[in-house]
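Visitor: got a structure for you, letters missing:
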């Protein structure tokens, strides 16, 4: 397998036990017929995915424990409310319950934001993979053909920037040769 060729999920699954046995990326690469860096990167991705999963489980367990503690605190607060209390004590209990609830909501929002960012990053990766394919397309192009492609790409980029910032002021957005004269 050529250097830099990504491993398939099946190949990665075969790499994991080989690495657990040898503890050596080079040995696994020799057995798999690929480069050491490809094996190392694939195993790091597996390890990071495992860490991400373990972290998500730990956060979920923490949220469950916090909810249980909150329910217990609410039960205690209800018991206290049955007894005569000063208004400031009632206020303190209500404020504590409110702050605890806000913390739970913040934890949930943080997890949702993290998931959203992860999905956005994956979308960006997919878009850049499509761009990488242009390098393969242009591999056999002459310098003049490459220059023409890059010039077109730059014009499209400039139009996108102009569209994002609105039409230019004081200028006709449509060149004179393209106007529809009736």
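Guide: Received, thanks. Just so you know, these numbers come straight off a predicted model, no measurement behind them.
Visitor: what is the neighbour count of residue 29?
Guide: For residue 29, the count of nearby residues is 21 (other C-beta atoms under 10 Å). Placement of C-beta: from N, CA and C, glycine included.
Visitor: what do you get for residue 12?
Guide: 16.
Visitor: isn't it up against residue 42?
Guide: Yes: counting by C-beta atoms under 8 Å, residue 12 does reach residue 42; the two are 4.9 Å apart.
Visitor: where's the residue nearest to the spatial centre of the chain relative to residue 128, distance?
Guide: Against the mean C-alpha coordinate of the chain, by C-alpha atoms, centre = their mean, the closest residue is residue 118 at 1.7 Å. Distance of residue 118 to residue 128, computed by C-beta to C-beta, to the nearest Å: 16 Å.
Visitor: for the helix or strand of the chain with the lowest mean pLDDT, packing partners?
Guide: Within the chain, no helix or strand scores below helix 87-138, which has a mean of 78 by mean pLDDT, DSSP states H and E. The contact analysis (3 or more C-beta pairs under 8 Å, 6 or more residues apart in numbering; DSSP states H and E) places helix 87-138 against helix 36-81, helix 143-165.
Visitor: can I get those helices in TSV with mean pLDDT and mean neighbour count?
Guide: Listed next are the helices and strands packed on helix 87-138 as TSV, based on pLDDT from 0 to 100; neighbours: other C-beta atoms under 10 Å:
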stretch	mean pLDDT	mean neighbour count
helix 36-81	83	13
helix 143-165	82	10
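Visitor: out of the ones you listed, the one nearest residue 91 is which?
Guide: helix 36-81 (12.1 Å; C-beta to C-beta).
Visitor: can you give me the angle that closest one makes with helix 87-138?
Guide: In terms of direction (axes from the mean of the first three to the mean of the last three C-alpha atoms, to 10 degrees), helix 36-81 departs from helix 87-138 by 160 degrees.
Visitor: which secondary structure elements does helix 36-81 contact?
Guide: For helix 36-81, the elements it packs on are helix 9-22, helix 25-32, helix 87-138, judged by 3+ C-beta pairs under 8 Å, 6+ apart.
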